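Novice: Turn this into a structure:
(one chain, ligands or ions: 2)
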Amino acid sequence: MDSAKRPRTLDSFFSPPPTKKAKSSNQDSTQEANTPRSTHPTYPFAVPHLPSEITEILNFAPATEGRVINNKPDLDLLYYQPYIPKEISRDLFDFLRSELFFYRVKYSIKRGPVETQINTPRFTTVFGIDETAKFDDQGGVVDVTSGKPVSKDAYKCRPRPVPECLDLLRRLTENATGCKWNFVLVNYYASGDDSISYHSDDERFLGSLPAIASFTLGAQRDFLMKHKPTERNDESETKPMKLPLGSGDMVLMKGKTQSCWLHSIPKRKGGEVGKGRINITFRQAMVKGGTENYYRYNVGDGGVFKWDDAKREMVPWEKK
Ligand SMILES: O=C(O)CCC(=O)C(=O)O
Ligand SMILES: [Fe+2]
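Specialist: Ligands and ions are numbered 1, 2, ... in the order given. Okay, the predicted model is just below:
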């Protein structure tokens, strides 16, 4: 690991917290206007960079050493409890919930003659582009080798660059784990009724042994894992393993985990679930089909949602 990339001065831990000066509303709006933001023609609105109070502490991640979990067939996990330092996980959760745009994606699947409408049971958003292309300084999509603009028809979607507030966490996690990622997927589970059913992230466009980092912020939710069905009928196929993912935790899933195991966040009642939970995953898509898949299922073609702090819920957002 390159320690030069992750300054680890202890000063910010021991210096007194920044004093909260009383601000006039005028000063507030000036500060708001001066906040650096990530923009792009595909973004419904600009996304502010993280405040320095958060970035300074984020440099201390991972807050704990990852625990290896590989005591079951084909399982290969590194579980950080937590990864994000405790003193910023609440603020990072509040920031991302308030500042990102989300979608509630609907799509239809056809199995033979029957077409079924699917309402994705959570809020989602996605950023990134596969290995064949990148964004130039103007935000244009260019071929990764020639640097020439990629035709609009090359993708059935409009790829979006990762905003700086998520890209910082992506870069820091790359440096700490030695992995490489070009996609950021974000889920928001507003309540215990929001969920993700058993699946594996084993699409061909991720390659054969993908490493996926999965972060939790906000409410604790159970993460269930079970082995895919085999002829061995191992106990791991019927008795799911439960990781109680709490705020700031990260699970690095690697090796044969995706090809052999399924995972889910089931619906839940009670506990913390009503506070809402954000999940962030970093992934590496190799080909254009991967980019199209991620935008189809995480942005889709419906409306934008944004957090309403007064109503304490996601509300449809419209350009004013
Ligand atoms: O929310 C989580 O922890 C899991 C999300 C997930 O499995 C996915 O987005 O593929
Ligand atoms: Fe998944």
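Novice: partner residues bridging the most centrally placed residue in the chain?
Specialist: The central residue of the chain, meaning the one whose C-alpha is nearest the mean C-alpha position (C-alpha atoms, centre = their mean), is residue 280 at 1.9 Å. The partner list for residue 280 in beta bridges (DSSP bridges) reads residue 186, residue 215.
Novice: Might you report the residue contacts of it?
Specialist: Residues in contact with residue 280 (C-beta atoms under 8 Å, 6 or more residues apart in numbering) are 96, 166, 169, 184-186, 214-215, 217. Every residue, glycine included, has its C-beta placed from N, CA and C.
Novice: And residue 203, by the same measure?
Specialist: Taking C-beta under 8 Å, 6+ apart as the contact definition, residue 203 lies against 290, 293.
Novice: Also residue 263?
Specialist: Shown in contact with residue 263 (C-beta under 8 Å, 6+ apart): 198-200, 223-225, 253.
Novice: Sort out which of those residues are buried, if you could.
Specialist: Buried members of those, counted by 16 or more other C-beta atoms under 10 Å: 200, 223, 225, 253.
Novice: can you list the residues of the stretch 51-200 of the chain near ligand 1?
Specialist: Selection of the stretch 51-200 of the chain residues close to ligand 1 by C-beta under 6 Å from any ligand atom yields 185, 187, 196.
Novice: which of the residues you listed has the most neighbours?
Specialist: Per-residue neighbour counts (other C-beta atoms under 10 Å) across these peak at residue 187, which has 22 neighbours.
Novice: Residue 81: which of the residues of the stretch 51-200 of the chain next to ligand 1 is nearest?
Specialist: residue 187 (19.7 Å; C-beta to C-beta).
Novice: Thought residue 120 was touching the closest one, still the case?
Specialist: No: applying C-beta atoms under 8 Å, one finds residue 187 not in contact with residue 120, separated by 9.3 Å.
Novice: nearest spatial neighbour of the residue in the stretch 201-320 of the chain positioned nearest to ligand 1, skipping sequence neighbours?
Specialist: Distance from ligand 1 to each residue of the stretch 201-320 of the chain (C-beta to the nearest ligand atom) is smallest for residue 279, at 3.1 Å. By the measure of C-beta to C-beta, 6 or more residues apart in numbering, the closest residue to residue 279 outside its immediate chain neighbours is residue 187, 4.2 Å from it.
Novice: now the strands for the stretch 1-150 of the chain?
Specialist: With DSSP state E, counting those that start in this stretch, the ranges of strands along the stretch 1-150 of the chain come out as 37-38, 47-48, 67-69, 77-80, 106-111, 114-119, 123-128, 133-135, 141-143.
Novice: So for the host helix or strand of residue 168, what gets flagged as buried?
Specialist: Assigned by DSSP states H and E, residue 168 falls within helix 164-177. When neighbours are counted by 16+ other C-beta under 10 Å, the buried residues of helix 164-177 are found to be 164-170, 172-173, 176-177.
Novice: where does this structure dip in pLDDT?
Specialist: For the chain, the stretches with pLDDT under 70 are 1-31.
Novice: mind redoing it with 80?
Specialist: 1-33 (pLDDT under 80).
Novice: on that earlier part again, quick one, what contacts the residue nearest to residue 279?
Specialist: Contact partners of residue 187, counting by C-beta under 8 Å, 6+ apart, are 122-124, 196, 278-279.
Novice: likewise residue 143?
Specialist: Residues in contact with residue 143 (C-beta under 8 Å, 6+ apart) are 132-133, 149-150.
Novice: Pick the most deeply packed of the strands of the stretch 1-150 of the chain.
Specialist: The densest packing among those, expressed as mean neighbour count by mean count of other C-beta atoms under 10 Å, is seen in strand 123-128 with a mean of 24.
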